[in-house]
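> predicted model follows, preceded by the sequence.
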Amino acid sequence: MAVFKVTCVALVAVTLLYLVTLGVAHPVGFNFGWGWGSHGGNGGHGGHSGNGGGGYSGLSPEYYQFSCPQANDIIMSVLHKAVANNPRVAASLLRLHFHDCFVQGCDASVLLDDSATISSEKNSGPNKNSLRGFEVIDEIKAKLEEACPQTVSCADILALSARGSTVLSGGPNWVLPLGRRDSTTASLTGSNRNIPAPNSTLPTLLNFFQRQGLDEVDLVALSGGHTIGIARCVTFRQRLYNQNGNNQPDSTLERSYLFGLKSVCPSSGGDNNISPLDFASPTRFDNSYFRLILMGKGLLTSDQVLLTGNVGKTMDLVKSFLDDEGLFFQHFAKSMVKMGNIRPLIGFKGQIRKNCRRVN
């Protein structure tokens, strides 16, 4: 009973600390330039288009070097303020990029609002009352339109914001291929079908990623993005009370962690109560996420099955990324480049939206 009380108090305290934290760690003196010709921070990745998402060419880190050389500085200035005011924004922007790329490619379709011709992806099951950060993207776009009208795409803003949020949280930098254009369509159906659920099994997760041209290394590395951010009670309640339809909790959950989570997430109600995905360092991008998984303290089913799913080499990858944070950073950066190359619109396809919420 004493362990139960201590765990409950500790978990609630960490959750409250996450909500009130205003500061966020980031490398001192970090150079937030485009990064061509160098690897940037830890785990930087080369600037070629890579093989992710079908190996699209046509993207280049130097894409805005002459048309809008100040673009990244503008983006970072907005991000720095937003993340300092609310560290949760970093994870939200990272997630926005993921939810965009997995639905008809990295084309900023996730940003489109409902209209006469658009059924917004914001209303899909995985996104409704869940995706955040749209106002930050709006602010970035408005400032870029002032400086370089109709030049920087919303799709590239999402990619650059995901990278910047990672760096501002203490994670790796990488050389980022640019030149994506914005879609004139959205896919509500695609959003419902292509984004894996938080209670997914490991075979299901691998299938979702393989459909996008990503492999099990990408799955484990990108899941490591859960080192920052939070999840709502509704996404992990099943694990606490009825994991397999027998009114029993998930047997892979460490017991004291289970009791602590129950104090945050009741069996009914409280759907929007939150818990950090990585309670050890909820606002810092590091490899402690993998340590928690090894301890049976992954928050979501989709986190814990990386260790317990018994498919492929995901267990070995979890252990490797825990043993070597630099290796994790390197693979996370590489996998972010691969994900960012999923079916981009290039050349004369799509458009450069003036407002990310609607087509021109």
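That came in fine, so what should we check first? Numbering: from 1, shown residues only.

> please tell me how far the residue nearest to Asp271 when sequence neighbours are not counted sits from Ala84.
Among residues not flanking Asp271 along the chain, Val234 sits closest, at 4.2 Å (Cβ to Cβ, 6 or more residues apart in numbering). All C-beta spots, glycine's among them, are computed from the backbone N, C-alpha and C. Val234 sits 29 Å away from Ala84 when distances are taken as Cβ to Cβ, to the nearest Å.

> count the residues that sit near the residue nearest to Asp271.
Counted with other Cβ atoms under 10 Å, residues neighbouring Val234 total 15.

> element containing it?
Remark: Val234 resides in helix 233-241, with elements defined by DSSP states H and E.

> pull out the buried positions in that helix.
Under the neighbour-count criterion of 16 or more other Cβ atoms under 10 Å, helix 233-241 has 233, 235-241 buried.

> so which of the residues you listed would you say is closest to Ser153?
Thr235 (30.7 Å; Cβ to Cβ).

> residue contacts, the closest one?
198-199, 300 (Cβ atoms under 8 Å, 6 or more residues apart in numbering).

> run the last query once more with 10 Å
Counting by Cβ atoms under 10 Å, 6 or more residues apart in numbering, Thr235 makes contact with 126, 130, 197-199, 265, 271, 274-275, 277, 299-302.

> so which of these is the most crowded?
Leu299 (26 neighbours).

> low-scoring stretches of the protein, by residue?
1-57 (pLDDT under 70).

> please, where are all the helices along it?
2-20, 71-85, 88-101, 134-147, 154-168, 188-194, 202-210, 216-223, 233-241, 255-264, 288-294, 301-308, 314-323, 325-340 (DSSP state H).

> surely Ile140 meets Val78?
Yes - contact status for Ile140 versus Val78: in contact at 4.9 Å, counting by Cβ atoms under 10 Å.

> thinking again about what came up before, relative to Phe134, how far out is the residue nearest to Asp271?
Val234 is 21 Å from Phe134, by Cβ to Cβ.

> then Arg255?
Taking Cβ to Cβ, one finds Arg255 at 39 Å from Phe134.

> higher neighbour count, the two?
Phe134 (17 against 12).

> now for the nearest residue to the more buried one once chain neighbours are set aside, how many residues are close by?
Excluding its sequence neighbours, the residue lying closest to Phe134 (Cβ to Cβ, 6+ apart) is Leu111, at 6.8 Å. Residues near Leu111, counting by other Cβ under 10 Å, number 29.

> for Leu111, list the residues it contacts.
96, 100, 120-122, 131, 133-134, 137-138, 141, 154-155, 157-158, 182-183, 186, 353, 355-358.

> quick check on these: which are buried?
96, 100, 120-122, 131, 133-134, 137-138, 141, 154-155, 157-158, 182-183, 186, 353, 356-357.

> burial of the residue nearest to Gln304 when sequence neighbours are not counted, as a residue count?
Excluding the flanking residues, the one nearest Gln304 by Cβ to Cβ, 6+ apart is Gly298, at 3.7 Å. Residues lying near Gly298 (other Cβ under 10 Å) number 30.

> show me what the spatially closest residue to Pro282 that is not a sequence neighbour is bridged to.
Distance criterion Cβ to Cβ, 6+ apart; nearest residue to Pro282, sequence neighbours excluded, is Pro276 at 3.6 Å. Note on Pro276: beta-bridge partners Ile230, judged by DSSP bridges.

> how far away is the residue nearest to Gly125 when sequence neighbours are not counted from Ser124?
Counting by Cβ to Cβ, 6+ apart, Gly125 lies nearest to Asn192, which is 5.4 Å off, once chain neighbours are set aside. Distance of Asn192 to Ser124, given as Cβ to Cβ: 5 Å.

> again, but for Arg88
21 Å.

> same deal with Cys154?
On the measure of Cβ to Cβ, Cys154 and Ser124 end up 18 Å apart.

> over to Thr252?
28 Å.

> of the two, which one has the most company?
Shown here are Thr252 and Ser124; by other Cβ under 10 Å, Ser124 has more neighbours (24 against 16).

> next, the contact list for the more buried one, please.
99, 103, 110, 130-131, 186-195.

> of the residues you listed - the most surrounded one?
Val110 (33 neighbours).

> that residue touches Asn123, doesn't it?
No - counting by Cβ under 10 Å, Val110 sits too far from Asn123 to count as a contact (11.1 Å).

> okay, and the common contacts of these two?
186, 191.

> all set, thanks.
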